[in-house]
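> how would this look folded up:
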Amino acid sequence: MENPAPSSVLPVAPTRGRLRPLGLDEVGITGGFWARRRHINETATLGHCRDRMERSGWTGNFRAAAEGRVQQDRRGREFADSELYKLLEATAWQSAAGSAPDVDATALTEAVAAAQEPDGYLNTAFGRPGQQPRYSDLEWGHELYCHGHLIQAGVAQARARGASEGELTKVARRAADHICATFGRGGIERVCGHPLIETALVELARLTGEERYLAQAALFVDRRGHGTLADGEFGRVYYQDDLPVREAHALRGHAVRALYLAAGAVDVAVETGDEELLAAVVRQWEAGVARRTYLTGGMGSHHRDEAFGDDFVLPPDRAYSETCAGVASVQLSWRLLLATGEPRFADLAERTLFNVVAASPAEHGRAFFYANTLHRRHRGAPAAADAVSPRADSGSRAPWFEVSCCPTNVARTLAQLPAYLATADDHGIQVHQYADARIATFLASGHGVALRIRTDYPADGTVVVRVDRSPSDRPWTVSLRVPAWTAGAAAWLVEPDGSRRTVVPGTAEVTRVFRPGDEIRLELPVRPRWIDADPRVDAVRGAVAVQRGPRVYCAESVDLPGGLDVDAIRVDPSADPQDGPDAAGDTVVVAGRVTAYDAPRDEPWPYRPLDAPTAPPEADGAEITLVPYHSWANRGPSTMRVWLPADHP
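Now for the predicted structure:
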């Protein structure tokens with residue numbers, strides 16, 4: 001469908017597609033789980049990121065560049081510029097939703113603008129006296145990647161302020177013009193080692209109507225996979241330069257790079273009507289979800305190269321599952337949902353939001369996980385409040401990293417989250433993610449409608465949608481996603497007239513002439529359930545996990561007796577898991593036993609014949625408490641595991 005008069009406050013604003021996104025001026029989250037997370041983002045995380053960048057010298061890089069002293073004074077990695085851009089983008093989206101984060105976007109914008117060179121180039125790590133020449137290290141230099149985040153921030157500021165162009169947008173346009181002049185046909189016919197510029201250029205084209213930005217994005221997508229980047233330690237697959245996008249059959253290589261590239265390819269496909277390109281990305285997404293994705297929705301099982309592993313190679317204790325890959329996965333799933341209208345893409349986005357994006361920040365919003373393992377074998381020491389963590393893999397959330405891409409990525413995702421809740425089409429409104437929310441928009445007919453959503457999801461499965469405004473003389477449709485996790489359990493839909501019917505995973509629709517005050521009730525079977533894995537995931541063969549609604553649960557050593565670690569657990573899957581005393585999903589209780597492996601049992605050789613007599617270890621029958629995976633490590637250092645060894649009959 002051609003999208004009629006879309007909202008101006010949109011992170012992703014396609015001009016065509018199956019569904020029309022609703023913007024931050026049309027959807028607001030008013031309470032519940034995500035409202036709390038967004039409040040912490042506004043009041044703690046954004047200011048924390050600003051302060052850390054100032055203390056690390058990353059903000060000062062722009063002042064140093066403008067004043068001609070960057071050669072001796074620059075701080076941080078080659079891609080540090082991008083973090084300031086992501087902070088500016090997050091601040092713009094948060095303010096567009098009616099918040100007032102404590103970040104001086106004007107001062108930061110002025111610092112960025114002062115560092116831009118006359119031809120539009122902007123990077124504090126390259127191109128000035130004493131630095132490497134521009135674009136001399138496309139494999140690792142991240143120059144186009146940084147330009148991409150700059151452009152995204154410029155687009156966000158313009159849309160958040162309801163203007164076609166603000167100061168940062170002017171900076172972004174000059175940068176984009178420079179990129180088109182430098183990398184257009186007859187220019188440097190190569191790509192950046194880290195995709196992102198593609199999505200940024202398409203969004204700038206959508207904002208400005210300039211077709212050359214879209215054409216340049218399409219060029220970058222089509223150039224990828226032709227070996228223009230050097231064959232380094234991890235091979236060209238690391239940056240997806242081994243196969244053209246149209247020929248690839250699975251997400252592969254560095255997970256964040258792969259997902260950003262796929263998102264850019266969807267943007268190009270949608271705007272150009274390229275069905276072949278769109279089908280190629282859908283094929284890659286399907287293969288990645290079916291064979292290369294963790295139960296949490298996390299992607300990336302290699303620590304060494306932050307990459308996807310081979311099919312079904314998903315070891316829980318080696319799960320890298322980078323937070324940024326979770327953010328990129330949500331971005332890709334959202335674009336595919338808008339393009340196709342298929343709810344399966346919203347299913348993965350929900351899983352990833354609750355179990356990867358929500359797992360990264362601490363409850364106070366000032367420390368983060370970079371990687372999201374599913375099994376922590378050793379208690380980590382608490383991260384020092386003033387330290388910069390050199391490691392992505394940790395048992396404790398760190399306040400900042402030498403590579404701090406994840407905190408700002410979480411911040412911008414939470415800031416724009418209301419825009420992922422709902423869409424519209426020619427027939428009505430679709431609700432994809434559930435939270436206390438208000439929706440006010442216009443149907444394709446031009447009639448105004450308003451909905452109010454009340455729910456304690458995911459603690460509770462009841463979602464009530466109340467119609468507050470509706471045309472009085474014509475029917476329209478409210479569509480509600482029935483999550484894939486409800487398969488095998490009864491879900492119900494209650495219509496305004498009281499009629500009640502079962503619904504299955506997919507979409508439940510109610511079409512009628514609505515009256516103000518009409519209510520639709522969706523009743524989802526949120527209860528703890530055992531989860532088994534495909535036997536080809538041999539790393540978890542013989543183990544089970546617990547999921548309650550969209551949330552995955554884990555065992556944490558702080559809940560075990562006698563200071564034992566989670567390797568002491570065995571569970572009994574013949575007994576159904578039960579809600580804990582609160583009955584609201586804060587804890588789940590499973591039957592099992594806790595085995596104390598005492599030091600005297602240590603042997604000089606850890607293997608023995610299966611039929612060799614052994615003294616049974618001390619074991620206690622127990623009720624084992626599990627907590628939502630996203631909450632682990634908030635109570636101090638602990639060991640943790642999602643997949644639990646099972647006593648099978």
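> buried sites along the longest strand anywhere in the chain?
Ranked by number of residues, the top strand in the chain under DSSP state E is strand 618-628. Neighbour-count burial for strand 618-628, counted by 16 or more other CB atoms under 10 Å, picks out 622, 624, 625, 626, 627, 628. Quick note: C-beta positions are derived from backbone N, CA and C, even for glycine.
> The first one pairs with what?
It refers to residue 622. As for beta bridges, residue 622 partners with residue 592 under DSSP bridges.
> My guess is it contacts residue 595. True?
No: between residue 622 and residue 595 there is no contact under CB atoms under 8 Å: 9.8 Å.
> returning to what we had before: what's the closest of the buried residues of strand 618-628 to residue 185?
residue 628 (51.1 Å; CB to CB).
> quick one: contacts for the nearest residue to the closest one once chain neighbours are set aside?
Leaving aside its sequence neighbours, residue 628 sits nearest to residue 551 (CB to CB, 6 or more residues apart in numbering; 4.9 Å). By CB atoms under 8 Å, 6 or more residues apart in numbering, the contact set of residue 551 is 354, 355, 458, 585, 628, 629, 630.
> any idea of the pLDDT on residue 551?
In this prediction, residue 551 carries a pLDDT score of 98.
> who's it bridged to?
With DSSP bridges as the rule, residue 551 is bridged to residue 548.
> I'd like to know which helix or strand in this structure has the lowest mean pLDDT.
When the helices and strands of the chain are compared on mean pLDDT, DSSP states H and E, strand 618-628 comes out lowest with a mean of 83.
> low-scoring pLDDT stretches of the stretch 251-400 of the chain, where are they?
Where the stretch 251-400 of the chain drops to pLDDT under 70, the residues are 392-393.
> before we move on, back to that, would JSON lines of the contacts of residue 551 with secondary structure and distance to residue 231 be doable?
Putting the contacts of residue 551 into JSON lines (DSSP: H, G, I helix; E, B strand; the rest coil; distance: CB to CB, whole Å) gives the following:
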{"residue": "354", "secondary structure": "helix", "distance to residue 231": "39"}
{"residue": "355", "secondary structure": "helix", "distance to residue 231": "35"}
{"residue": "458", "secondary structure": "coil", "distance to residue 231": "45"}
{"residue": "585", "secondary structure": "coil", "distance to residue 231": "49"}
{"residue": "628", "secondary structure": "strand", "distance to residue 231": "43"}
{"residue": "629", "secondary structure": "helix", "distance to residue 231": "38"}
{"residue": "630", "secondary structure": "helix", "distance to residue 231": "39"}
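> so which of the residues you listed comes closest to residue 419?
Using CB to CB, the contacts of residue 551 come closest to residue 419 at residue 354, 17.5 Å.
> where's the closest one relative to residue 16, distance?
Separation of residue 354 from residue 16 (CB to CB, to the nearest Å): 30 Å.
> Helix, strand, or coil at residue 408?
Here residue 408 is recorded as helix under DSSP: H, G, I helix; E, B strand; the rest coil.
> In three-state terms, label the nearest residue to it once chain neighbours are set aside for me.
Nearest-residue entry for residue 408: residue 86, 3.7 Å, with adjacent residues in sequence omitted and distances by CB to CB, 6+ apart. The three-state label given to residue 86 by three-state DSSP is helix.
> just to revisit the earlier point, which helices and strands does the longest strand of the chain pack with?
If contacts are counted by 3 or more CB pairs under 8 Å, 6 or more residues apart in numbering; DSSP states H and E, strand 618-628 sits against strand 551-556, strand 588-596.
> State the phi and psi torsions of the spatially most central residue of the chain.
The C-alpha lying nearest the average C-alpha coordinate of the chain belongs to residue 327 (CA atoms, centre = their mean; 2.2 Å). Phi and psi for residue 327, reported as degrees, to the nearest 10, are phi -60, psi -50.
> All set, thanks.
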